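Chemist: What shape does this take:
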Amino acid sequence: MSIEQLTIANTHTSLAARAYQSVLFRRQEIFKMFDTQEGRPFRKELVATIEGVRYINDAFALNPNMTWFTMEEIPSRIVWVACQNEWQKCDYAALREIVRQKVIAIVAFGSAAQEIKQYFDKEISTLIVANDCAGAVEFAHAIAHKDDVVLFSPANGIKEDIDIRGKEFSANVLAL
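Modeler: Numbers count the residues shown, from 1 in each chain. Below is the predicted model of the structure:
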């Protein structure tokens, strides 16, 4: 191999390495942009492990992007507990693919829980509408198996509701 060929090959390798590092940096940067609430109460908080099932309280997830990032980090199957009220309109399009990949069941509650059921009915076969958070936790407990995660991540809401919803979910889990 000539000096010129070696120089060209090394230049291409160097450019490829820099491009790869740039992509990794951008992915981390985007992740941090959407997920800046680490360590906050009710943000990816482990409430309990019962019969090998982990119950995670993500009441702080105020939009689908936050719920997506939480689901992305969970390596096991997910029973998703979601909450939807009539005054909270939410576009769940960002969650469609990850729900198809990781979620084995959705348990929804709230005054407009039927909207969640209708939106995801083609993506997943187990969709349950509960009357309230206590009922949703009981259904999720009945569905989940060892090594699964029951994730409470509303994907919508307002900051004023976080504390109420987070405490309610945690109390219902601890009452199992």
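Chemist: got the domain boundaries for the protein?
Modeler: Here the domain parsing of the chain from automatic domain parsing is 1-34, 45-174.
Chemist: For stretch 153-162, list every residue counted as buried.
Modeler: By 16 or more other Cβ atoms under 10 Å, the buried positions in stretch 153-162 come out as 153-157, 161-162. Yep, even glycine has a C-beta here, placed from its N, CA and C like the rest.
Chemist: same deal with stretch 85-105?
Modeler: Neighbour counts over stretch 85-105 (16+ other Cβ under 10 Å) mark 85, 88, 90, 92, 95, 98-99, 102-105 as buried.
Chemist: and what of stretch 110-119?
Modeler: Residues of stretch 110-119 classed as buried: 110, 112-113, 115-117, 119 (neighbour count, 16+ other Cβ under 10 Å).
Chemist: Looking at the residues you listed, which is nearest residue 167?
Modeler: Here the nearest of the buried residues of stretch 110-119 to residue 167, counting by Cβ to Cβ, is residue 110; it sits at 16.4 Å.
Chemist: hmm, back to that, tell me which of the buried residues of stretch 153-162 fall in helices.
Modeler: Under the assignment DSSP state H, the buried residues of stretch 153-162 contribute 161-162 to helices.
Chemist: Flag the least confident of the buried residues of stretch 153-162.
Modeler: For those, the weakest pLDDT value sits at residue 157, with 71.
Chemist: quick one on the thing from earlier: using a markdown table, please lay out the buried residues of stretch 110-119 together with secondary structure.
Modeler: Below are the buried residues of stretch 110-119 laid out as a markdown table (DSSP: H, G, I helix; E, B strand; the rest coil):
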| residue | secondary structure |
| --- | --- |
| 110 | coil |
| 112 | coil |
| 113 | helix |
| 115 | helix |
| 116 | helix |
| 117 | helix |
| 119 | helix |
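Chemist: Which stretches in this structure count as helices?
Modeler: 3-34, 64-73, 96-102, 113-120, 133-143, 159-174.
Chemist: burial count for residue 48?
Modeler: By the criterion of other Cβ atoms under 10 Å, residue 48 has 14 neighbours.
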